[in-house]
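>>> model the following, please.
(2 chains)
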Amino acid sequence: MKIPGEVKISDNGFVFNSNSGDSFALNPFGLELIRKLKEGKDFDELKPEILEKYDVDDLTFEKDFYEFYALLKHHQLIIQENQLDFK
Amino acid sequence: MEKIKYEKPVITKITAGIPNKFGLPAKQKIVSQIDGIAVDKLMDEYGSPVFVISEKTIRETYREARRAFETRYPKVQFAWSYKTNYLDAVCSIFHDEGSWAEVVSGFEFEKALSLGVKGTQILFNGPEKSEADLTLAINHNACIHIDHFDELYLLIETTRKIGKKARVAIRINMDTGIYPMWDRFGFNYENGEAWNAINRIMLAENLDLIGLHTHIGTYIMSTSAYAVAASKLSNLYMATHRKFNHWLKYIDLGGGFASKNTLKGAYMPGSETCPSFDEYAEAISNAIISSEIPHENLPVLFLETGRALIDDAGYLLTTVLANKRSVAGRRTMVIDAGVNLLFTSFWYNLGVYPTKEVAEYLEDTTIYGPLCMNIDVVRDAINFPHVKTGDRLVIERVGAYNMTQWMQFITFRPNVVLIDMEKKTHIIRKKEELGSIQNFEVNPKR
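Now for the predicted structure:
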């Protein structure tokens, strides 16, 4: 998984993809997650960090994470190099 | 260390388009209680989904409508439109407030009688009246509103058979300047059909013509249409007097006042655009009072308002079953109440609200009901906050037509609960169970 260089993310959650010309808005937690993904962290690494920091249970976070991840893929903001890699 | 409040991660595509002139509401409305009773308490006790009806709202709305008309016109009588909501408890509240009954079938007629309504205080409308229905109505001295000539002749025949007189009015359709013009019910005004019917009735020995009735349409947002209707009925009222030296007793303007629900395709919310009772009353009263009817012979004004009197009093409490994403990335949500319970969701963009504070972030969402049917869409598009599975929602303004046009389809119909004036709750219609359905079935032995 990687976020292409053409995808620019501002500090206030504005995302611009110069490949497609599309722009997006992230909420604060969406911004935090995409940054961590950009650092190369995957779900297994993120999970304990998030559960420690936020008032959320593991199943809710897992569900929300994969929905968010699917949307990033849908909007072509991340590229999954190995299609068989679920994470 | 205290943990930070969690909010679901969200990304939204920014699309350029014509901005909404009026903008979005600054804050998501929350409905956490009804008449001072917590929604959670109602749902814990009566299940989900559950219809809730507020007696307080019914009475307040009724009194507001009555005040609007009675302060402008000397003789006003409301008749509760049974088909809008014929639960016994609901009808009883309207009758307690002084409403007569307006029924459109033998079934509704019997229901009104069973609730103690006097036959003389029942207006019997509709195109479907069998000989047995007419006999029942004549025997109870009800006001029979004749819909067509075949019914008129059946009525004449029935009065002869049982040797009794019938009190009648005719239903009249007319051009009031609105589209669509309803012409399927009653006799037409413009082509003289209504006048012919009046003449025929006045010559019939067993029929006592006492009123004129019209019902120009439904969800009528133009008060001037009612003024036109009232003027045309006033003209016939006077013509009947001139020719037959007979004063009719009433003019019935029917129903059709818009509720505050928002019609699909409407640009502005119904709560902003629908006329108030005062505006309807002003148009109708002025038209009759300024007609050539002498003031000492003014007819009683009947109103069969249904939707506008009950819609606001009904709520449907429901639970989120699932959040999903469509192939196109669109947010969709499944709730446990669908079009089987919400017939009016085919016409209205019903208001759906969370019951507790939620994330401020809103996303365009499609809300589906629980039925395994593609048509089960409660809202095609609504800007809605992110809610979780198990969260509870309130759907407002569902008091009219849903509890009469609902379907027993795929699942059971739920409890209907009334909150009375003392804030006590009562089940007024029990949730169905397997036996409620199978009791009517016969499975032939093989």
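>>> helix or strand right after the helix or strand hosting residue B:287?
In this structure, residue B:287 is located in helix B:277-289 according to DSSP states H and E. Heading C-terminal from helix B:277-289, the first helix or strand you meet, by DSSP H and E, is strand B:300-303.
>>> for the very next helix or strand once past that following strand, which positions count as buried?
Moving toward the C-terminus from strand B:300-303, the next helix or strand (DSSP H and E) is helix B:307-310. For helix B:307-310, the neighbour count (16 or more other C-beta atoms under 10 Å in any protein chain shown) marks B:307-310 as buried. In this view, the C-beta of every residue, glycine as well, is placed from N, C-alpha and C.
>>> again with stretch B:193-200
Neighbour-count burial for stretch B:193-200 flags B:193-195, B:197-198, B:200 (criterion: 16+ other C-beta under 10 Å).
>>> what of stretch A:7-25?
A:7, A:9, A:13, A:15-17, A:22-25.
>>> show residues contacting that stretch.
A:4, A:6, A:26-28, A:30-31, A:34-35, A:38, A:75-77, B:11-14 (C-beta atoms under 8 Å, 6 or more residues apart in numbering or on different chains).
>>> among these, which lie within strands?
Counting by DSSP state E, the part of the contacts of stretch A:7-25 found in strands is A:26, B:11-14.
>>> quick one, which of those are buried?
Here, 16+ other C-beta under 10 Å leaves A:26, B:11-12 buried among the ones in strands among the contacts of stretch A:7-25.
>>> which positions in chain B make contact with chain A?
Those residues of chain B that sit near chain A, judged by C-beta under 8 Å from any C-beta of the partner chain, are B:3-14, B:323, B:325, B:329, B:359, B:361, B:388.
>>> sheet partners, orientation included, of the lengthiest strand in chain B?
Longest strand of chain B, by residue count under DSSP E: strand B:314-325. Sheet pairing of strand B:314-325 (DSSP bridges) gives strand B:50-54 (antiparallel), strand B:331-335 (antiparallel), strand B:392-396 (antiparallel).
>>> check the burial of residue B:36 by counting its neighbours.
8 (other C-beta atoms under 10 Å in any protein chain shown).
>>> any idea how far it lies from residue B:148?
Residue B:36 sits 49 Å away from residue B:148, going by C-beta to C-beta, to the nearest Å.
>>> got phi/psi on the nearest residue in space to residue B:94 that is not next to it in sequence?
Excluding its sequence neighbours, the residue lying closest to residue B:94 (C-beta to C-beta, 6 or more residues apart in numbering or on different chains) is residue B:80, at 3.9 Å. Backbone torsions for residue B:80, taken as degrees, to the nearest 10, come to phi -70, psi 130.
>>> and residue B:80, what's its pLDDT?
Predicted confidence (pLDDT) for residue B:80: 98.
>>> show me where chain B has helices.
For chain B, the helices defined by DSSP state H occupy B:39-46, B:55-70, B:88-96, B:106-114, B:131-139, B:149-162, B:193-203, B:223-244, B:270-273, B:277-289, B:307-310, B:402-405, B:434-438.
>>> I meant chain A, not that one.
Under the criterion DSSP H, helices of chain A are mapped to A:28-38, A:43-53, A:58-74.
>>> residues touching the residue nearest the centre of chain A, list them.
Most central in chain A under C-alpha atoms, centre = their mean is residue A:34, positioned 3.6 Å from the mean C-alpha point. Each residue near residue A:34 by C-beta under 8 Å, 6+ apart is listed here: A:3, A:9, A:15, A:26, A:72, A:77, B:11.
>>> so can I have JSON lines of the residues you listed showing pLDDT and distance to residue B:426?
Listed next are those as JSON lines, based on pLDDT from 0 to 100; distance: C-beta to C-beta, whole Å:
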{"residue": "A:3", "pLDDT": "87", "distance to residue B:426": "58"}
{"residue": "A:9", "pLDDT": "92", "distance to residue B:426": "56"}
{"residue": "A:15", "pLDDT": "93", "distance to residue B:426": "53"}
{"residue": "A:26", "pLDDT": "93", "distance to residue B:426": "48"}
{"residue": "A:72", "pLDDT": "92", "distance to residue B:426": "51"}
{"residue": "A:77", "pLDDT": "92", "distance to residue B:426": "54"}
{"residue": "B:11", "pLDDT": "89", "distance to residue B:426": "47"}
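>>> for chain A, what is the nearest residue in the stretch 201-350 of chain B?
residue B:329 (4.4 Å; C-beta to the nearest C-beta).
>>> could you list the low-pLDDT ranges of chain A?
Counting by pLDDT under 70, chain A shows low-confidence ranges at A:83-87.
>>> tell me the residues of it that contact chain B?
Contact residues (C-beta under 8 Å from any C-beta) of chain A with chain B: A:15, A:22-30, A:32-34, A:52-56, A:60-61, A:64-65, A:67-68, A:70-72, A:74-75, A:77.
>>> pull out the buried residues from these.
Buried residues within these, counting neighbours by 16+ other C-beta under 10 Å: A:15, A:22-27, A:29-30, A:32-34, A:54, A:56, A:61, A:64-65, A:67-68, A:71-72, A:75, A:77.
>>> what sits against the residue in the stretch 51-200 of chain B that chain A sits nearest to?
Chain A sits closest to residue B:52 of the stretch 51-200 of chain B, with a gap of 29.2 Å, by C-beta to the nearest C-beta. If a contact means C-beta under 8 Å, 6+ apart, then residue B:52 has B:34, B:42, B:314-317, B:416-419 as its contacts.
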